[in-house]
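A.B. asks: structure for the following, please:
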Amino acid sequence: MNLFAKPVEQLIKGCKANNRQAQEGLYKLFYAEMLRLCYRYLKSNDLAVEAINTGFLKVFQNINAFEQSKGELGAWIRAIMVRTCIDLIRKEAKFNEGTENSDDTDAVFINPDILNKLYAEDLLKAIRTLPAATQLVFNLSVVEGYSHKEIGEQLQISESTSRWHLSEAKRQLRATLQPSSKSIHEPTENKNKAS
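C.D. replies: Got it, this is the predicted structure:
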C-alpha cells in the first residue's frame, strides 16, 4: 500500500475544488522534481523558474482533465512541464535543417567513463552550453526517451533534423567533456625547442 496515495488523492480533490491550501500542497510536493526538469531544458535559472510557475499554472487550470485511472499525477505534471519548457525554448530557438548525414548520428558517442567522473552539476553546465534547439532535442531524446518521430511531431521539425541536433549535441558534449590530448604533447615539444 502506498502511504502517499491518500494524501495525493486529497490534494487532487482540493485542487479540483480550487482550494488554495491543496494547490500549495501539490506545488510543494512536486516543486523540486519539476524544477530539476526545467533546469535541464532551459539555459538560465530565470527561465527555469518562469517555466515551473507557468507549468503549475497550467496544472491548476487543467486539473479537472486529470484522471487517476489513466496515469500517475507526477507523470501528468511532468508532461505539462516538458511542453511548457518546449514553448519557452521555441521563442528563442531556430531549428535549422542539418546538413550532416543522419545515418552517422549513432556513430557519435560519449565515453561512459567520462560521464561517470562528472558531477551532475558539471554535466548540467555542459548541456546548458549547447544551442537551445540542440539542447532541447538532446533532453527529449536522451533524458526523456522520445523517438525522433515523436520529437519531430512535438517540435514541428523533420526526423532528420532531430537526428542532426542529437548528433550535434553528442559531438559538442564529447568535445567539451573529453580532455584534450594536446596538453600531453606540449611539454615535450617545448623541451625539444630548448635543446
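A.B. asks: contacts only, for residue 54.
C.D. replies: Counting by Cβ atoms under 8 Å, 6 or more residues apart in numbering, residue 54 touches 84, 88. To be clear about C-beta, it is placed using only N, CA and C from the backbone, and glycine gets the same treatment.
A.B. asks: host element of it?
C.D. replies: Here residue 54 sits within helix 45-62, counting by DSSP states H and E.
A.B. asks: could you point out which element follows that helix?
C.D. replies: Helices and strands here follow DSSP H and E; after helix 45-62, the next one along the chain is helix 73-92.
A.B. asks: got the CA positions of that following helix in PDB?
C.D. replies: Provided in PDB are the C-alpha atoms of helix 73-92 (Å, rounded to 0.1, in the frame of the first residue of the first chain):
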ATOM      1  CA  LEU A  73      -0.200  12.500 -11.300                       C
ATOM      2  CA  GLY A  74       3.600  13.100 -11.400                       C
ATOM      3  CA  ALA A  75       3.800  11.900 -15.000                       C
ATOM      4  CA  TRP A  76       0.900  14.100 -16.000                       C
ATOM      5  CA  ILE A  77       2.600  17.200 -14.300                       C
ATOM      6  CA  ARG A  78       5.900  16.200 -15.900                       C
ATOM      7  CA  ALA A  79       4.400  16.200 -19.400                       C
ATOM      8  CA  ILE A  80       2.900  19.600 -18.800                       C
ATOM      9  CA  MET A  81       6.300  20.900 -17.600                       C
ATOM     10  CA  VAL A  82       8.200  19.500 -20.700                       C
ATOM     11  CA  ARG A  83       5.600  21.100 -23.000                       C
ATOM     12  CA  THR A  84       6.000  24.400 -21.100                       C
ATOM     13  CA  CYS A  85       9.800  24.200 -21.500                       C
ATOM     14  CA  ILE A  86       9.400  23.500 -25.200                       C
ATOM     15  CA  ASP A  87       7.100  26.500 -25.600                       C
ATOM     16  CA  LEU A  88       9.700  28.800 -23.900                       C
ATOM     17  CA  ILE A  89      12.600  27.400 -26.000                       C
ATOM     18  CA  ARG A  90      10.600  27.900 -29.200                       C
ATOM     19  CA  LYS A  91      10.600  31.600 -28.600                       C
ATOM     20  CA  GLU A  92      14.400  31.600 -28.800                       C
END
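A.B. asks: returning to what we had before: in the helix holding residue 54, which residues are buried?
C.D. replies: Within helix 45-62, the residues scored as buried using 16 or more other Cβ atoms under 10 Å are 47-48, 50-52, 54-56, 58-60.
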